[in-house]
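Enquirer: need coordinates for the below:
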Amino acid sequence: QVQLVESGGGLVQPGGSLRLSCAASGRTFGRYAMGWFRQAPGKEREFVAAIAWTSMTYYPDSVKGRFTISRDNARNTVSLQMNSLKVEDTAVYYCAAAATGFPVVAARYDYWGQGTQVTVSS
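Expert: Prediction:
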């Protein structure tokens with residue numbers, strides 16, 4: 001069982017930066033692939049970034065070069081640094097953990113946090 005708690009969301013102007021953090025419980029955190037997803041009102045949950053237990057990372061084109069995912073297995077945390085934010089990045093951001101594989105689809109993740117709101121607006 002893994003429990004995830006996100007933090008760091010808020011209101012930022014276009015072009016600004018935010019850093020999201022996800023604190024995970026459980027002694028086997030290092031074995032999980034971790035991901036960030038987001039969901040805007042009226043839209044489906046969207047993949048944002050993933051990091052394997054090896055620290056290999058993957059991003060969709062929509063955030064590549066702007067977002068960076070990282071993990072600290074000693075502290076059971078995963079972070080998402082978001083730079084050059086755009087209005088279209090506005091959404092609730094979710095942290096997720098996958099026990100197997102290195103997935104990019106939400107259905108393959110086993111545990112989810114409750115989400116943190118990110119609003120990009122002038």
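Enquirer: look at residue 28 and report its pLDDT.
Expert: Per-residue confidence (pLDDT) for residue 28: 80.
Enquirer: quick check: closest non-adjacent residue to it.
Expert: Counting by CB to CB, 6 or more residues apart in numbering, residue 28 lies nearest to residue 2, which is 8.0 Å off, once chain neighbours are set aside. Where C-beta positions appear, they are placed from N, C-alpha and C, glycine not excepted.
Enquirer: surely residue 102 is within a strand?
Expert: No: under DSSP: H, G, I helix; E, B strand; the rest coil, residue 102 sits outside any strand and is assigned coil.
Enquirer: isn't it up against residue 35?
Expert: No: Residue 102 is beyond contact range of residue 35, at 9.1 Å (criterion: CB atoms under 8 Å).
Enquirer: who touches both of these two?
Expert: Here residue 102 and residue 35 have residue 50 as joint contacts, going by CB atoms under 8 Å, 6 or more residues apart in numbering.
Enquirer: contacts only, for the residue nearest the centre of the chain.
Expert: The structure's the chain has its C-alpha centroid closest to residue 36; by CA atoms, centre = their mean the separation is 2.3 Å. By CB under 8 Å, 6+ apart, residue 36 lies in contact with 20, 22, 48-50, 67, 69, 78, 80, 93-96.
Enquirer: do residue 18 as well
Expert: Applying CB under 8 Å, 6+ apart, the residues near residue 18 are 8-10, 12, 82, 85, 118.
Enquirer: of all the contacts of residue 36, which two lie farthest apart?
Expert: 67 and 96 (15.2 Å; CB to CB).
Enquirer: the two: who's more crowded?
Expert: residue 96 (25 against 21; other CB atoms under 10 Å).
Enquirer: number of residues surrounding the nearest residue in space to the more buried one that is not next to it in sequence?
Expert: Of all residues not flanking residue 96 in the chain, residue 109 sits nearest, at 3.8 Å (CB to CB, 6+ apart). Each residue near residue 109 was counted by other CB under 10 Å, and the total is 24.
Enquirer: this completes my enquiry, with thanks.
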